[in-house]
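>>> Need a 3D model of the following:
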Amino acid sequence: MQRIRTISNLISVSRVAFVLPAAYCLMADFPNHRAWAIFFIFVASSTDFFDGFLARKLHEVTDFGKIVDPLADKIGIGIIAVCLLLTGDIPLWYFAAVVARDALIFVGGIYIKKNKQIVPQANMAGKITVNIIALALLLCIVRIPALEPLRIGVIWLSVLFMIVSLIVYAKRLFIGRTLTQKS
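Predicted coordinates:
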């Protein structure tokens, strides 16, 4: 089982490796560079699904995985958001909201781990929020004028979910009801 755990952790870490070529494609100027960026983002997203499936199916959810998996999501979204900010595809306020949310959750997780010896596990509100943010960023990448109203709507929906997920995480930090105890 140690081998499966190691493979699962490597899959999580590989997600960041797949985001790097996506970032390059977003910043470069060559034919179909945005399509290539979407391809690499899709591959990175697939590793997230596969890793989670593997960990749950084999009952190999670990404290390390609880930390690395959401951290890989945060790094991946952060890298893509930086690129989209630099290319002018997302506004500064949205970039700041995404990064601030992730930073607050990360710092809160460190606080819980340090002071309560508990590794918080991702919750459904956080998972939904990450997916809506990813959809918003994807719509910013494709730049299809007919999808502009959808892009704007998804950005605002992601802001709403960022607020909801921050409330859920804050409750976990201060109340601690839904924390997973360290085994």
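
>>> Next secondary structure after the host helix or strand of residue 138?
Using DSSP states H and E, residue 138 falls within helix 124-142. Sequence order places helix 148-174 as the next helix or strand after helix 124-142, per DSSP H and E.

>>> just checking, what packs against that following helix?
Counting contacts by 3 or more CB pairs under 8 Å, 6 or more residues apart in numbering; DSSP states H and E, helix 148-174 packs against helix 92-116, helix 124-142. Using the backbone N, CA and C atoms, a C-beta is placed for each residue, glycine as well.

>>> Not counting its own residues, what contacts the first one?
The one in question is helix 92-116. Here helix 92-116 makes contact (CB atoms under 8 Å, 6 or more residues apart in numbering) with 67, 70-71, 74, 77-78, 81-82, 84-85, 118-120, 126, 129, 133, 136, 155, 158-159, 162, 165-166, 169-170, 172-173, 176, 179.

>>> Select, out of the helices and strands packed on helix 148-174, the one closest to residue 55.
Nearest of those to residue 55, taken as CB to CB: helix 124-142 at 13.8 Å.

>>> Just the buried positions in the closest one, please.
Residues 125-126, 129-130, 132-141 are the ones in helix 124-142 that count as buried (16 or more other CB atoms under 10 Å).
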